[in-house]
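> everything below, folded, please.
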Amino acid sequence: MSPTFRSLANPNYRRYAAGGLVSNIGTWMQRVAQDWLVLQLTANSGTAIGITTGLQFLPFLLLSPFAGVIADRMPKRRLLQLTNLGMAVPALVLGVLAVTGTAQTWHVYVLALVLGVAAAFDAPARQSFVSELVDADDLTNAVGLNSASFNAARIIGPAIAGVLIAVLGGGVVATGWVILLNAVSYAAPILTLRALDGARLDSPALVKRSPGQIRAGVDYVRRRPDLMLILGIVFFTGTFGLNFQMTSALMATDVFDKGPAEYGLLGTFMAVGSLTGSLVAARRPRVRHRMVVGAAMLFGALEMVAGLAPSYLVFALLCPLLGLAALTMITSANAFIQLHTEPLMRGRVMALYMMIFIGGTPAGAPFIGWIGEQYGARWTLLLGGALTMAGTALASALFLRGRRVLTPDQGRSNLVPRVWDNQTVARAQKVSE
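Model prediction:
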C-alpha cells in the first residue's frame, strides 16, 4: 500500500474513516445550507452569519476543558457515539423548521448553539481517539488522512449543497432538505464505531475522577513552550484567519453578485487545495514546529492577496492555494500536539487545543462579520490575513525568546526540556490517581 494511505491497512481505522467521510460530507452540506438560510432570513446580513458561526463555536470556548476531562475519563468509542447522536438532533429540528417554512433567525441561533455543545464534547474525544486506532508510527499518517477525509468532504459537500439548493428553488425550504440530509448522515459514524474490533483498540487506562484535573492539564501545557507556540499560532489563525466560510459567502453575494451554486463551488475550490495539503502531510514522517510557523505565515499572506482579487475567477483560483496553506498548518499543528503529549494528558491537551483553535471563533466571527458589513467583504480577508501573520510572528518571537534561556543541551531538542515534562506528568499522575 502507498505510504500515503498506510493507515487504511488497519481494519478499525478503515471502518472509522468510512463513517467519518459520510458524516463530514453531511456536515459541509449543512454549513453551506445554514449560511444560505441565514442570508435568506436576514436579507444578506454578514453580522447574522457571524453571530450564527460564533454561537456554534462558543461551546468550544466554554466547555472544552470539561470535555477534555470527560474524554480522559470515559471510553472514547462510547462517548463519540453519544456526541454524534447529540449533533444529529439539532440538525433534524432545524431541517424540519426550514422545510415547513417556520424557521426564524433565532431558531438558527439556538440550534447552532445546541449543536456546538455536542461538537465541543465530540472534538477532543475524536482527535485523541485516533491514537487508539493506529500505532504511534502511523499517527501522523492517520491525522493526515483524517484531514484528507474532511477536505474531500469539503469538495463533495458544498458542491452537492449548492446544486441542491439551486435545484430546489434557492429558498428557505431548499436549505431545510439539505440540513435534513446531514441529520441522517450522523448514522454512519455511530454504526461504524459500533462495528470496531475492541480487542484491536489501544485504549489507555481511564483517568479516575478527582479534583484539579483541568488545572493539571493547563499546567502541563503552560510548562511546554513548544506546545504554547503551536497554540498561539492556531489561536490567531482560527480566530481571525479561518472564518473563510463566512467570508466566502459575503464575497460571493456582495462583491461578485453570485448565487448559491457559485458560493458552494468556492468551498469546493478551497477544499481541492486542502485535500492536497492533507495528503502531503500524510506522507510526512515527522512534524516540526517550523512547518506550522511557515504554513501560517503563507496562509495569512495568501488571504490578503485574495482580499484584493479583481474577479470571481481570480478569487476562485486563489482558493486552492489558501486551502493548501491552511491545511498544512492545521494538520501539522494537530499531529505535533498529539505526538508530543503524554497519553495520560492527551484528552485534556487536545481539548485545550480545540478550545483555542475553534473556541476563538466566537470572538472573531462577529468581529469579522461586522467588518465585512461596515467596510466591505474584502476587508474581512485583508484584516484576517494581517492579524494571522502578526499573531504568528508574535508567538514565534516569544518562543525564540524562551529558548534563549535554555541550556545548550536543552536547546538541541525540539521538545520541552525533559525535566519540566517529567515533573509536570508526575503532578498530573498524582492528581489523577
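> top helix in this structure by residue count?
helix 11-42 (DSSP state H).
> what angle do the following helix or strand past that helix and helix 11-42 make?
Proceeding N to C from helix 11-42, the next assigned helix or strand is helix 46-73, under DSSP states H and E. Calculated by axes from the mean of the first three to the mean of the last three C-alpha atoms, to 10 degrees, helix 46-73 forms an angle of 150 degrees with helix 11-42.
> show me what helix 46-73 packs onto, helices and strands only.
With contacts taken as 3 or more C-beta pairs under 8 Å, 6 or more residues apart in numbering; DSSP states H and E, helix 46-73 sits against helix 11-42, helix 105-133, helix 213-222, helix 244-250, helix 346-357, helix 361-375. All C-beta spots, glycine's among them, are computed from the backbone N, C-alpha and C.
> mind listing what's buried along the second one?
In terms of neighbour count (16 or more other C-beta atoms under 10 Å), helix 105-133 has its buried residues at 105, 107-109, 111-133.
> buried residues, the longest helix of the chain. List them.
Neighbour-count burial for helix 11-42 flags 12-13, 15-42 (criterion: 16+ other C-beta under 10 Å).
> look up how far residue 153 lies from the residue positioned nearest the centre of the chain.
Nearest to the mean C-alpha position of the chain, by C-alpha atoms, centre = their mean, lies residue 358 at 6.3 Å. Between residue 358 and residue 153 the computed distance is 17 Å (C-beta to C-beta, to the nearest Å).
> could you do residue 95 as well?
On the measure of C-beta to C-beta, residue 95 and residue 153 end up 18 Å apart.
> next one: residue 242
Using C-beta to C-beta, we find residue 242 at a distance of 17 Å from residue 153.
> also residue 84?
Applying C-beta to C-beta to residue 84 and residue 153 gives a distance of 15 Å.
> next: residue 27.
Applying C-beta to C-beta to residue 27 and residue 153 gives a distance of 7 Å.
> tell me the contacts of the residue nearest to residue 151 when sequence neighbours are not counted?
Counting by C-beta to C-beta, 6 or more residues apart in numbering, residue 151 lies nearest to residue 274, which is 3.7 Å off, once chain neighbours are set aside. Going by C-beta atoms under 8 Å, 6 or more residues apart in numbering, residue 274 touches 147, 150-151, 154, 323-324, 326-327.
> next: residue 135.
By C-beta under 8 Å, 6+ apart, the contact set of residue 135 is residue 202.
> which element is residue 89 on?
Element membership for residue 89 (DSSP H and E) is helix 76-99.
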